[in-house]
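[1] structural data only, the sequence is not supplied:
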């Protein structure tokens with residue numbers, strides 16, 4: 001990133017920063033990267049937490065409440081993901097090639 005050039009910042013589920021002519025990275029959570037029991041437990045805990053906070057969207061909550069949510073859920077999910085569960089399918093050369101081909105498909109066109 002060049003701090004002297006314009007940076008377009010958008011946000012939906014994650015913050016996105018775009019700058020003309022710069023490289024990007026993409027992160028995927030593969031389907032088996034978290035055990036089903038862990039996903040179910042986290043989803044139940046999230047729903048319970050949301051109900052306890054009046055079913056208000058996270059985006060409308062104050063800073064301290066958002067911090068609590070991230071502490072309870074985001075960090076827990078990241079810890080599980082860092083454990084490297086699942087088959088890690090992108091370690092297979094053929095799967096990696098398919099992904100790379102898909103990423104390069106529109107190179108120079110879009």
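    Structure's in. What do you need? This one's a predicted model, so the numbers in the text were calculated from it and none came from an experiment.

[2] hey, which helix is longest across the protein?
    helix 36-52 (DSSP state H).

[3] roughly how far is the helix or strand following that helix from the heart of the chain?
    Once helix 36-52 ends, the next helix or strand along the chain (criterion: DSSP states H and E) is helix 63-69. Centroid separation for helix 63-69 versus its chain: 18 Å, with Cα atoms, centre = their mean, to the nearest Å.

[4] give me the buried positions along helix 63-69.
    Residues of helix 63-69 classed as buried: residue 69 (neighbour count, 16 or more other Cβ atoms under 10 Å). C-beta: built from backbone N, CA, C; applies to glycine.

[5] how about residues contacting that helix?
    Under the contact criterion Cβ atoms under 8 Å, 6 or more residues apart in numbering, helix 63-69 has outside partners 49, 53, 58, 61.

[6] I'd like those residues as a markdown table, with pLDDT, distance to residue 33 and neighbour count appended.
    Below are the contacts of helix 63-69 laid out as a markdown table (pLDDT from 0 to 100; distance: Cβ to Cβ, whole Å; neighbours: other Cβ atoms under 10 Å):
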| residue | pLDDT | distance to residue 33 | neighbour count |
| --- | --- | --- | --- |
| 49 | 93 | 22 | 15 |
| 53 | 91 | 28 | 14 |
| 58 | 84 | 23 | 14 |
| 61 | 87 | 28 | 15 |
